[in-house]
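Participant: just coords:
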């Protein structure tokens with residue numbers, strides 16, 4: 001079937017998808033296969049289903065752009081410069097300063113253990129379950145510490161932005 005799909009103009013994932021549709025159609029219509037005429041073969045019956053599924057695939061996708069992929073497309077995308085890579089506009093720099101200022105403002109309000117639980121779970125994105133032993137806290141306590149600091153940071157950011 002894949003050979004017939006490739007001969008019909010399908011490649012890679014499209015051929016695999018159509019092959020699955022062929023299997024589904026053959027399974028659903030297996031009772032319609034008959035071998036009462038000379039030349040009636042299962043292979044011929046399957047070939048006609050394949051031909052119909054390939055045609056149906058092209059009819060469904062008519063007018064849709066074909067996505068490019070593979071190594072060549074990936075290399076091409078790697079060569080396209082990021083227009084935002086070297087741009088640090090005033091707004092981005094200002095927001096960065098605001099975040100740092102908010103962190104400095106609220107850090108002194110929390111115990112070191114609470115701050116470490118927040119920092120490791122929120123900033124370093126480490127799961128509370130893995131931090132539990134290191135910090136000597138339950139995962140629930142780590143989540144609660146993270147929530148407290150984040151809530152306070154949101155309040156502080158609101159004041160700084162106002």
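Facilitator: Yes, it's here. Nothing here was measured: the structure is a model prediction, and the numbers come from that model.

Participant: domains of the protein?
Facilitator: 2-60, 90-161 (automatic domain parsing).

Participant: between those, which gets nearest to residue 77?
Facilitator: Closest approach to residue 77 among those (CB to CB): domain 2-60, 18.4 Å. No exception for glycine: its C-beta is placed from N, CA and C like everyone else's.

Participant: want to throw the domains of the chain into TSV with mean pLDDT?
Facilitator: Output for the domains of the chain, formatted as TSV (pLDDT from 0 to 100):
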stretch	mean pLDDT
domain 2-60	87
domain 90-161	86
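
Participant: is it possible to get a markdown table of those that adds mean neighbour count and distance to residue 79?
Facilitator: As requested, the domains of the chain are exported to a markdown table (neighbours: other CB atoms under 10 Å; distance: least, CB to CB, whole Å):
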| stretch | mean neighbour count | distance to residue 79 |
| --- | --- | --- |
| domain 2-60 | 13 | 23 |
| domain 90-161 | 14 | 25 |
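
Participant: make a markdown table out of the ones you listed and add distance to residue 78.
Facilitator: Listed next are those as a markdown table, based on distance: least, CB to CB, whole Å:
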| stretch | distance to residue 78 |
| --- | --- |
| domain 2-60 | 21 |
| domain 90-161 | 24 |
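
Participant: all set, thanks.
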